[in-house]
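Colleague: what shape does this take:
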Amino acid sequence: MILVLVEPAGSETSPLSLEALTFARELADPLGVPVHAVCVGPPASLADLAAHGVAEVHQADDPRLDRYAAAAWAACVLQAAQGASPAVVMAAASPRGNEIMAHVAARTGLRMAANVVRAQAGPGGGLSVHRQVMGGAALEEVRLDGDGGGNGSGPALFTMAGHAVDAEPAPESTGPQVRTFTPVLAEADLVGQVVRTEPVAATDSDLATARVVVGGGRGVGGAEQFGDLLELVDLLGGALGVSRVVTSLGWRPHHEQVGQTGSRITPEVYIACGISGAIQHWAGCSSAKTIIAINTDADAPMVTKAHYAVIGDLHEIVPAINAELRARLAGS
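Modeller: Okay, the predicted model is just below:
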């Protein structure tokens, strides 16, 4: 059995968790084992889980779990795994997924691989996985020797990098059995917990799941100069990301920052406008499938590393792109 931690997104299921379920199913099918889900806090969408081939749902039920607490969620994952002897315990490599799985690894003494993009059963048992390292600039092959708990070594633990696979429904929908359990939680599990959240504006998109990200750097010129980039974001149905210097100057809020100290993004397309491409920013955007740089400096690191580059003033190029997109959308 493969056990997947599923995160909620309001009343629905996190898109990254749906990708993780697809990844788990692709790993489980050759092994002939089912996929189970563990859900903590608000009940998961059974329709989503059924559509993605989940055979059984382990739902942790405790009102104290309504507030996110990494140690408590990790305890729930471990208690859901008890007696089931999963071969693999995994989650999406979201901020919560990585944090919870790190707690699981610490409690079990097992190794955990983060940001995995491929996994397959290795000869003699265990898993061979490829994971992103150095901000996604390289792949590392790691062997996880979990055996499903049969010999006491425990399951293989890992998180799946965002967009390593597309979320695809299973060929046949399932009717997952729901097993609700009351977890045993220590007071220490609840010491660190989220006590308040502040949602971003309704027009803001989630950088972690956006398929298109438009980036803005110092070259934008100021806080009042983001209008063209925001229009491009709207036309493409994407999200706005910015470099660290933009947030340091107070031009844009920190939650939009892409980089080593901001969000790590994995969109289909990243359009970097006026961004030099310092290594800290590259660590956050290098996993984008296609990178397009718009910059006046042909030798800027972002330009030399991008798949495509346009050399010129972003305040001339981006409005031209917007005009063409508006014309195409009007004619469709």
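Colleague: how about the helices in the stretch 101-250 of the chain?
Modeller: Assigned by DSSP state H, counting those that start in this stretch, the helices in the stretch 101-250 of the chain fall at 227-236, 244-248.
Colleague: elements contacting the longest one?
Modeller: Yep, that's helix 227-236 we're talking about. strand 212-216, strand 239-242, strand 269-273, helix 314-331 (3 or more C-beta pairs under 8 Å, 6 or more residues apart in numbering; DSSP states H and E). Placement of C-beta: from N, CA and C, glycine included.
Colleague: residue ranges with poor pLDDT in the stretch 101-250 of the chain?
Modeller: Along the stretch 101-250 of the chain, the parts satisfying pLDDT under 70 run over 123-125, 134-137, 146-153, 199-205.
Colleague: show me where it has its strands.
Modeller: With DSSP state E, counting those that start in this stretch as the criterion, the stretch 101-250 of the chain has strands at 112-121, 127-133, 138-144, 156-160, 177-181, 212-216, 239-242.
Colleague: against A164, how distant is the nearest residue to Y308 once chain neighbours are set aside?
Modeller: Leaving aside its chain neighbours, Y308 sits nearest to I292 (4.8 Å; criterion: C-beta to C-beta, 6 or more residues apart in numbering). Here the criterion is C-beta to C-beta, to the nearest Å. By it, I292 lies 22 Å from A164.
Colleague: ok so, going back, need the helices and strands packed on helix 227-236 in CSV (columns: mean neighbour count and distance to C39).
Modeller: Formatted as CSV, the helices and strands packed on helix 227-236 follow (neighbours: other C-beta atoms under 10 Å; distance: least, C-beta to C-beta, whole Å):
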stretch, mean neighbour count, distance to C39
strand 212-216, 27, 29
strand 239-242, 27, 27
strand 269-273, 27, 32
helix 314-331, 14, 39
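Colleague: of these, which is nearest V57?
Modeller: Proximity to V57 (C-beta to C-beta) singles out strand 239-242 among the helices and strands packed on helix 227-236, at 30.6 Å.
Colleague: what helices and strands are in contact with that closest one?
Modeller: strand 212-216, helix 227-236.
Colleague: related to what we said a few turns ago, what's the closest of the strands of the stretch 101-250 of the chain to A306?
Modeller: Comparing these by C-beta to C-beta, strand 212-216 comes nearest, at 11.0 Å.
Colleague: so the closest one versus helix 227-236, what angle?
Modeller: Interaxial angle, strand 212-216 versus helix 227-236 (axes from the mean of the first three to the mean of the last three C-alpha atoms, to 10 degrees): 180 degrees.
Colleague: the helices of the stretch 101-250 of the chain: which one's closest to A28?
Modeller: That would be helix 227-236 among the helices of the stretch 101-250 of the chain, by C-beta to C-beta, at 35.0 Å.
Colleague: buried stuff in the closest one?
Modeller: By neighbour count on 16 or more other C-beta atoms under 10 Å, the buried set for helix 227-236 is 228-229, 231-233, 235-236.
Colleague: before we move on, what about stretch 171-178?
Modeller: 174, 176.
Colleague: contacts for that stretch next, please.
Modeller: 37, 46, 49-51, 53-57, 59 (C-beta atoms under 8 Å, 6 or more residues apart in numbering).
Colleague: separation between V195 and A71?
Modeller: In terms of C-beta to C-beta, V195 sits 15 Å off from A71.
Colleague: I figured A113 was touching D145, is that so?
Modeller: No. Applying C-beta atoms under 8 Å, one finds A113 not in contact with D145, separated by 11.5 Å.
Colleague: neighbour count: the two, which is higher?
Modeller: A113 (24 against 14; other C-beta atoms under 10 Å).
Colleague: identify the bridge partners of that one.
Modeller: Beta-bridge pairing for A113 (DSSP bridges): F158.
Colleague: for the helices of the stretch 101-250 of the chain, please prepare a markdown table with the additional fields distance to G109.
Modeller: Output for these, formatted as a markdown table (distance: least, C-beta to C-beta, whole Å):
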| stretch | distance to G109 |
| --- | --- |
| helix 227-236 | 45 |
| helix 244-248 | 36 |
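Colleague: of those helices, which approaches R211 most closely?
Modeller: Judging the helices of the stretch 101-250 of the chain by C-beta to C-beta, what sits closest to R211 is helix 227-236, at 8.7 Å.
Colleague: okay, angle between the closest one and strand 269-273 too, please.
Modeller: Computed with the same axes, to 10 degrees, the direction of helix 227-236 lies at 170 degrees from that of strand 269-273.
Colleague: tell me how far helix 227-236 lies from the chain's centre.
Modeller: 23 Å (C-alpha atoms, centre = their mean, to the nearest Å).
Colleague: cool, and stretch 178-196?
Modeller: With C-alpha atoms, centre = their mean as the basis, stretch 178-196 stands 23 Å off its chain's centre.
Colleague: endpoints of that stretch, how far apart?
Modeller: 30 Å (C-alpha to C-alpha, to the nearest Å).
Colleague: for it, which residues meet the burial criterion?
Modeller: 183, 185, 189-190, 193.
Colleague: wait, which of the residues you listed is closest to M1?
Modeller: P183 (19.0 Å).
Colleague: would you check that the closest one makes contact with Q59?
Modeller: No. The criterion here is C-beta under 8 Å, and P183 misses it with Q59 at 10.3 Å.
Colleague: separation between the closest residue to E12 other than its chain neighbours and A37?
Modeller: Of all residues not flanking E12 in the chain, S45 sits nearest, at 5.5 Å (C-beta to C-beta, 6+ apart). According to C-beta to C-beta, S45 and A37 sit 11 Å apart.
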